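Colleague: The following block contains a protein sequence and its predicted model.
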Amino acid sequence: MLGYMLTWTTYGTWLQGDDRGYVSNGKILNANPALRTANAQRLKNPITFLTREQFEVVHKAILDEAKILGQEILAAAACSDHVHLVAKVVGYSMEEVVRHYKNAARIALQSNGFVGKLWTKGFDKRFCFTEQDLQSRIVYVKKHKSV
């Protein structure tokens, strides 16, 4: 594996049952309005959308944390409701990597006054086994608005 693309969302912005489809147990599923409504009713905190200033803080925090982890970031996009990241494989599990990035971003935002629930649980991963996989994911991420 040459690398991977990681995606995670801000709290409450992409619930199971979402009209755009959703991932459950690694499978992509179609919209389920009843499930989405039930999940929306269970939210314990307000939905989190980041301002431009906040997603710039998130972007910087992730890049700074990547240096600490020794991970090469090939493309990154922090947006109002999600983060995309294409990276080379490093000596940590993807779960550890995402935990580091989420925590670094949360701490950076809190030091800038953010209060609330920031991230949803989990993340999506797309493996890049070929250079073509890697390049297509980089192009995809670079199309997103970011800093």
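Modeller: In hand now; what should we look at?

Colleague: CA atoms for contacts and neighbours, from now on please.
Modeller: Fine.

Colleague: Just the buried residues of whichever strand or helix holds H59, please?
Modeller: According to DSSP states H and E, H59 maps onto helix 52-69. Counting neighbours by 16 or more other CA atoms under 10 Å, one finds that the buried residues in helix 52-69 are Q54, F55, E56, V57, V58, H59, K60, A61, I62, L63, E65, A66.

Colleague: Does the fourth one touch A108 like I think?
Modeller: Yes - between V57 and A108 there is a contact at 6.7 Å, judged by CA atoms under 8 Å.

Colleague: And the nearest residue in space to F129 that is not next to it in sequence, what's its pLDDT?
Modeller: Nearest residue to F129, sequence neighbours excluded (CA to CA, 6 or more residues apart in numbering): M1, at 4.5 Å. Per-residue pLDDT puts M1 at 89.

Colleague: Test my guess that M1 contacts R126.
Modeller: No - contact status for M1 versus R126: not in contact, 10.7 Å apart, counting by CA under 8 Å.

Colleague: out of these two, which sits in the busier spot?
Modeller: When M1 is set against R126 and neighbours are counted by other CA atoms under 10 Å, the residue ahead is R126, at 14 against 11.

Colleague: what about the more buried one, which SS state?
Modeller: The three-state assignment at R126 reads strand, by DSSP: H, G, I helix; E, B strand; the rest coil.

Colleague: which residues touch the closest residue to it other than its chain neighbours?
Modeller: Leaving out its chain neighbours, the residue that sits closest to R126 by CA to CA, 6+ apart is M5, at 5.0 Å. The neighbourhood of M5, defined by CA atoms under 8 Å, 6 or more residues apart in numbering, consists of H84, L85, V86, A87, K125, R126, F127, C128, R137.
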